[in-house]
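Undergrad: Sharing a model prediction with you, sequence too.
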Amino acid sequence: MVINVGPQHPSTHGVLRLILTLDGEQIVACEPVIGYLHRGLEKMMERRPYRHNIPFTDRLDYLAALSNNLGICQCIERLGGVEVPERAQYIRVLLMELQRIASHLVFLGTFGTDLGATTMFLYAFREREMVLDLLEECTGARLTYNWVRVGGVPDDLPEGFGQKVLDFAKLFRQRIEEYDMLLTRNRIFRSRTQGVGVLPKETALAYGCSGPVARASGIPYDIRKVAPYEVYDRVEFDVPVFEDGDVWARYLVRMEELRQSLRIIEQVLRDMPDGPVQTKLPKIFKPPAGIAYSRVESPRGELSFMMVSDGSPNPVRVHIRAPSFVNLSVLPRLLEGAKVADLVAILGSIDVVLGEIDR
Amino acid sequence: MRDTEYNPLVYFIDGLVTLFNGMVVTWRNLWRPKVTVRYPYQRRPVPPRYRGLFYLKWNEEKQRLNCVGCTLCAQACPTDVISMVKLGKGTHAGVSEFTMDLGRCMFCNLCVEACPFDAIYMGPNYELASERRDASLFRIADLAQGGEEAVRKNIETIERLLAEEEKAKPAHAVHAAGGESE
Amino acid sequence: MIEAITQFFKQYPLLWTFVKAVVLASFTLVIPLAVIYVERKIAGFIQSRLGPLHVGPQGAFQTAADALKLLLKEDIVPEGADKRFFYLAPYIAFISTVLCFMVLPFAPGWVALEMNVAVLFIIGVSLFNVVSILMAGWSSNNKYSLLGGLRAVAQLLSYEIPMVLSVLAVVFYTGSLSLTGIIEYQVKHGWNIWHPPIMIAALIYFICALAEINRTPFDLPEAESELVSGFNTEYSGMRFAFFFASEFANNFFITAFAAALFFGGWDGPVLPPIVWTFLKVFVMIFVFMWVRWTPPRLRIDQILRFAWQLLVPISLANLLFAIALGVR
Ligand code: SF4
Ligand code: SF4
């Protein structure tokens, strides 16, 4: 039996289509079909001056817009040799980690609903709403923030922002405990996730997986550690790594990252120096000819931008390495022999965002 | 917390206990204050930095809009949202028409940052949805602080100032105009 | 006045039964409105939301409005569906629920059909539900519905067995097959739930009841995130409303049945018996909902494994236990 999952299906998290060949409830083969959201972003970027492209990256991984903003800004900064003031770097790290929490909360909520724990969805989104409120206060937007600029961030943090973040961190620590009680320790949840969709280390390496997916398979690969950017080398945090590579491990990695993000946030707020937040740049920004490559650890994995400049105001070529795209490519391997009910667990645990895959 | 071997009875009891744990959490939340904002009846406060509908700042002192029609914002916009008609030139220049097609605006804030005259800002209004297609087109009267009235006064003030300038040094103005057309 | 009417009907027993059946059928249609409203509110409160608010005071008429909407909607029959079965399935589901209500005593004397084998009748009739689900899943000509229907049958049949065994434990313990008899026994000897073998039976009954009415963690047949909506994916309008109504009426019935079996039915001090019945039912419905909104759902193989490896042996052993204690 062949069934079509998506493009309109409650669990494909966007417009992903999976052609499943079934034998009863067993999945024999899976073929993902992507491209329903293709907008030609890379080409669009080649037609516009460098700084005009920053808002477009909001639309890549719309659950972690700030990470994308940072990725492209870093790339342009490398291309043009722009220095970023220290305070701006701290603010960037702070926002990135808030963003990571927001993004992982979406994962947690949708993963819960996929497995039938609808209540988890609303709890996770309730807390995400708090993060969004914080980000809204700082950036003025709730989803497409566009709050990183070449050479810094557009504006300083608003008055009293640090205290609000700390209050949130305090509350959120308790809430994570609650999630653990509600979901992580739940017998049914553990039965549904443990030993399901095992991704061996070799396969993960061969496919180039990154982010929580790779770390759950025993690959201690986190850009924040292996190639620190901004001030990540000045803060202390652990990178959770699990050996089992199943859905459960991927879930645990993200839960642990929530805690680590809180840790980073607290340190950043403590250490943040005063100073300017943006470097002045000429009105028409023309970086010298060359190639730049930058990578950041987005909540989904290694997000990279490559830009080629020929000295004109527009880039000649832009390429985006979207972590979801790479991670999704292992899906057929993971689904072989799984049950239909496991499909949603496995797909949910990879945590793909279609905006990024289809670009 | 990874499991050991499958044992139905252990699993069953564990299941009951953890289910009960979960029910404690849901019970607690049953009594927490609810987070729903009943939207059309209640509204959340909007933070000062909120990026909603644009407005053109009205300058009470000078009795005109701050905008001088320099088109820097239009140049900064990635999606060509902004178009304007410049009114006059020189120190007293302004705009007589300023149109934004918000149907393609990303609310990215780049235009606001580009403006050197503090003329354009983003306000707290986020209810821009409409059933009409042309409702995404915002003309100067929709954007200016003070609406129709402000636009009229703005044009009046600028035209008066321009006329005064013209009167003061007519020869120079003609010269300047000639120079520009070259 | 009422006496006179009853007297009149008593002369024509068939007509009297018919009237009672009509009253119960409308009751079966109305009770889901209340249950669904309560469910929505509780789900909302558990999830930090407010639930329905706008139709009527505190949104009390929301479900009625929804039902009206469903009745007015176009009735879509998918092309290639097996029309006869497709039309029939919701009514079978509904009728099986109404039939269950027929033998349920709400208070002393308040029973549509006094039957001395009521328990057996209920067990038999409630199995029709399975048939209707399979019919719906099969005739919809939709792969998701088919998967949902197959899952439902596997699950309902597996859970029917421990459920019946635990009900039988009560029957043997109290020595009566009539629900009225069981309740009267409890009025005399105290509620069944306080007796050890019945305690275990009650626990098993509750677990099976969750499975029977397709509640999380056993809501596989309609697993929204996997099978879109399971066996009733293709249903719309009134037919869907019937499925929905029978599901929630079933929810009500299964708790009322539990109240009769384990919690002494109408037995209770001060308040009139009918109030006690409803009170017990609604407390249990609340617990069901509370459970429903807490855990994730199991996988089909885990569900079946759980039923056959654990519930069936335990309930069998428990049945022997009950028989041993119950023989006097
Ligand atoms: S907010 Fe962005 S897209 Fe909208 S008009 Fe300004 S620059 Fe253009
Ligand atoms: S709004 Fe500002 S940037 Fe735009 S034309 Fe007016 S003065 Fe220039």
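TA: Structure received. Numbering: from 1, shown residues only, chains lettered A, B, ... in the order given. Ligands and ions are numbered 1, 2, ... in the order given.
Undergrad: can you give me the strands for the stretch 201-350 of chain A?
TA: A:290-298, A:301-309, A:317-321 (DSSP state E, counting those that start in this stretch).
Undergrad: try chain B
TA: With DSSP state E, the ranges of strands along chain B come out as B:54-56, B:58-59, B:64-65, B:82-87, B:94-101, B:120-122, B:137-138.
Undergrad: tell me which helix or strand of chain B sits lowest on mean pLDDT?
TA: Lowest on mean pLDDT, DSSP states H and E among the helices and strands of chain B sits helix B:170-181, with a mean of 49.
Undergrad: which ones are touching the residue nearest to C:Ile122 when sequence neighbours are not counted?
TA: Of all residues not flanking C:Ile122 in the chain, C:Cys100 sits nearest, at 5.4 Å (C-beta to C-beta, 6 or more residues apart in numbering or on different chains). Just so you know, the C-beta spots here come from the backbone N, C-alpha and C atoms, and that holds for glycine as well. C:Cys100 sits next to C:Ile122, C:Val125, C:Ser126, C:Asn250, C:Phe253, C:Phe257 when contact means C-beta atoms under 8 Å, 6 or more residues apart in numbering or on different chains.
Undergrad: how far is stretch B:6-13 from where the chain is centred?
TA: On the basis of C-alpha atoms, centre = their mean, to the nearest Å, stretch B:6-13 sits 59 Å off its chain's mean C-alpha point.
Undergrad: In that stretch, which residues are buried?
TA: Within stretch B:6-13, the residues scored as buried using 16 or more other C-beta atoms under 10 Å in any protein chain shown are B:Tyr11, B:Phe12.
Undergrad: Need the contact partners of it.
TA: Counting by C-beta under 8 Å, 6+ apart, A:Arg187, A:Ser191, C:Arg305, C:Phe306, C:Gln309, C:Leu310 sit against stretch B:6-13.
Undergrad: still on that earlier bit, most packed of the strands of the stretch 201-350 of chain A?
TA: Of all those, strand A:301-309 has the most neighbours on average by mean count of other C-beta atoms under 10 Å in any protein chain shown, namely a mean of 23.
Undergrad: which pair in the contacts of stretch B:6-13 spans the largest distance?
TA: Farthest apart among those by C-beta to C-beta are A:Arg187 and C:Gln309. That separation is 14.9 Å.
Undergrad: more crowded one of these two?
TA: A:Arg187 (23 against 15; other C-beta atoms under 10 Å in any protein chain shown).
Undergrad: Check the gap between the more buried one and B:Cys105 for me.
TA: To B:Cys105, A:Arg187 is 50 Å away according to C-beta to C-beta, to the nearest Å.
Undergrad: Ok, C:Ala169 next?
TA: Here the distance between C:Ala169 and B:Cys105 works out to 69 Å (C-beta to C-beta).
Undergrad: Of these two, which one has the most company?
TA: Comparing C:Ala169 with B:Cys105 by neighbour count (other C-beta under 10 Å), the higher total belongs to C:Ala169, at 30 against 21.
Undergrad: By mean pLDDT, point me to the weakest helix or strand of chain C.
TA: Going by mean pLDDT, DSSP H and E, chain C bottoms out at helix C:224-227, a mean of 63.
Undergrad: Serialize the strands of the stretch 201-350 of chain A to CSV and add fields for distance to A:Gly151 and mean pLDDT.
TA: Below are the strands of the stretch 201-350 of chain A laid out as CSV (distance: least, C-beta to C-beta, whole Å; pLDDT from 0 to 100):
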stretch, distance to A:Gly151, mean pLDDT
strand A:290-298, 14, 87
strand A:301-309, 16, 88
strand A:317-321, 19, 87
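Undergrad: Looks to me like A:Leu22 is in a strand.
TA: Yes - counting by DSSP: H, G, I helix; E, B strand; the rest coil, A:Leu22 is found in a strand.
Undergrad: what's the single longest helix in chain A?
TA: Secondary structure of chain A per DSSP state H: the longest helix is helix A:86-114.
Undergrad: just the angle between it and strand A:290-298, please?
TA: Relative orientation of helix A:86-114 versus strand A:290-298 (axes from the mean of the first three to the mean of the last three C-alpha atoms, to 10 degrees): 50 degrees.
Undergrad: Okay then, goodbye and thanks.
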